[in-house]
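> Next comes the sequence, and after it the predicted model I'd like to discuss.
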Amino acid sequence: MFRHNQLLGSDHRATKSTRRALLLTILAVAAGCGVSDPVAVEVVVCDGFVGPDCAVGSLSLVVSGLPTDIQADIAVSGPSGLTHSVRETMTLTDLLPGEYTITATAVATDDAIYGPGAPTQTAFVTVSESAETLVSYSVITGGQSGPGSP
């Protein structure tokens, strides 16, 4: 019995011919090894990679330019609808390979407003590798205006 386990969703489904080719390859290898009984095999296909588990990578986000007591405002989005909020330097692990969008938003304190040097960046995560992105903030205005301000 051959079972295909697709974890990525409908937009990444392996084609019928791909599954058939995998089945024939597995059966040929099994026959070449002297296996006479049918073999149950579960194959995972993730973004073009075939293996017992989905192949994954990581994304390291380095935040700079903010005072130590101020959190960043960063959103990360990627394959399969992944969304993650980031407030400080960190590494996101077990990510599917693909393109990730990093969106940084300005943060305000009583004394200043800090803006990202690049509000939107793209990172590419590959199998067994760590992509790194620097999110650099700097002061864009010396104070916050609003009700109660002079």
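Right, received. Where do you want to start?
> Next up, the contacts around Gly57.
Leu95, Pro97, Val125, Thr126, Val127, Ser128, Glu129, Ser130, Ala131 (C-beta atoms under 8 Å, 6 or more residues apart in numbering). Every residue, glycine included, has its C-beta placed from N, CA and C.
> out of these, which are buried?
Taking 16 or more other C-beta atoms under 10 Å as the criterion, what is buried in the contacts of Gly57 is Leu95, Pro97, Val125, Ala131.
> about what we covered before: columns pLDDT and distance to Tyr114 on top of the contacts of Gly57, output as CSV?
Output for those, formatted as CSV (pLDDT from 0 to 100; distance: C-beta to C-beta, whole Å):
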residue, pLDDT, distance to Tyr114
Leu95, 91, 27
Pro97, 91, 32
Val125, 94, 27
Thr126, 91, 31
Val127, 87, 35
Ser128, 84, 35
Glu129, 87, 30
Ser130, 89, 26
Ala131, 94, 24
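> Output the buried ones among the contacts of Gly57 as a markdown table; include the columns distance to Gly115.
Shown next, in a markdown table, are those (distance: C-beta to C-beta, whole Å):
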| residue | distance to Gly115 |
| --- | --- |
| Leu95 | 27 |
| Pro97 | 31 |
| Val125 | 26 |
| Ala131 | 23 |
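> Need the max-distance pair from these.
Distance extremes for the buried ones among the contacts of Gly57: the farthest pair is Pro97 and Ala131 at 10.0 Å, using C-beta to C-beta.
> Common neighbours of these two, please.
Taking C-beta under 8 Å, 6+ apart as the criterion, Pro97 and Ala131 both touch Gly57, Val125.
> mind showing which ranges of the chain have poor pLDDT?
Across the chain, the ranges flagged by pLDDT under 70 are 1-54, 143-150.
> tell me the domain ranges of it?
Per automatic domain parsing, the structural domains of the chain span 2-51, 57-138.
> so where's the longest strand in this structure?
strand 130-141 (DSSP state E).
> For that one, report the contacting residues that lie outside it.
Contacts of strand 130-141 (C-beta under 8 Å, 6+ apart): 57-66, 72, 74, 91, 100, 102, 104, 106-107, 112-118, 121, 123-125.
> show me the contacts for the nearest residue to Leu95 once chain neighbours are set aside.
In space, and not counting its chain neighbours, Leu95 is closest to Val125: 4.9 Å by C-beta to C-beta, 6 or more residues apart in numbering. Taking C-beta under 8 Å, 6+ apart, we find Val125 in contact with Gly57, Ser58, Leu59, Gly78, Leu95, Leu96, Pro97, Gly98, Tyr100, Ala131.
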